[in-house]
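J.: give me a 3D structure for the following:
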Amino acid sequence: MKTAVIYWSGTGNTEAMAHAVAEVQPGDLNTYDAIAFGCPAMGSEVLEEMEFQPMFDACKHSLGGKRAALFGSYGWGDGEWMRTWESDCDSAGVNLVCESVICTETPDDAALEACRALGKALVE
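T.: You can find the predicted model right below:
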């Protein structure tokens with residue numbers, strides 16, 4: 001199964017999580033069966049608004065037949081940005097195949113293991 005990991009990272013925390021999910025490969029989303037999206041919480045617990053949110057908004061309605069998963073890190077709040085993102089995916093018909101992975105700041109061993117499990121769930 002061809003899988004893509006698409007993420008935005010400001011400090012490197014979400015990038016570390018992305019590398020634990022799978023090796024990042026560039027390419028056309030239409031050629032992938034499964035896609036993991038990663039983005040940290042920004043501002044008042046929202047997705048990064050200049051690059052990531054517009055990209056995700058442009059492609060979310062074409063993800064219905066694909067397996068998808070979400071991950072990201074945050075430094076404040078309670079993870080509301082992820083619940084909002086999951087709700088947005090549900091409204092757009094995105095097939096989230098496993099529980100999203102979030103962590104506070106730098107991912108610890110448990111968060112990285114959860115990311116590996118997310119990667120495995122995508123391809124099963």
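
J.: where exactly do the helices run in this structure?
T.: Under the criterion DSSP state H, the chain carries helices at the ranges 13-21, 52-59, 80-92, 109-123.

J.: and those helices as CSV, adding mean neighbour count, distance to I35 and mean pLDDT?
T.: From N, CA and C alone the C-beta is placed, and that goes for glycine too. What follows is these, written out as CSV (neighbours: other C-beta atoms under 10 Å; distance: least, C-beta to C-beta, whole Å; pLDDT from 0 to 100):
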stretch, mean neighbour count, distance to I35, mean pLDDT
helix 13-21, 21, 10, 78
helix 52-59, 16, 9, 90
helix 80-92, 16, 11, 96
helix 109-123, 17, 8, 91
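
J.: any chance of those in a markdown table, plus distance to S100?
T.: Formatted as a markdown table, those follow (distance: least, C-beta to C-beta, whole Å):
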| stretch | distance to S100 |
| --- | --- |
| helix 13-21 | 11 |
| helix 52-59 | 14 |
| helix 80-92 | 5 |
| helix 109-123 | 8 |
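
J.: show me the contacts for L70.
T.: A36, F37, G38, M82, W85, E86, C89, L96, S100, V101 (C-beta atoms under 8 Å, 6 or more residues apart in numbering).

J.: L47 is in contact with Q53, correct?
T.: Yes. Using C-beta atoms under 8 Å, Q53 is in contact with L47, at 4.5 Å.

J.: in its sheet, what does the biggest strand by length in the chain sit against?
T.: The longest strand of the chain (DSSP state E) is strand 67-74. Counting by DSSP bridges, the strands paired with strand 67-74 are strand 34-38 (parallel), strand 95-96 (parallel), strand 101-104 (parallel).
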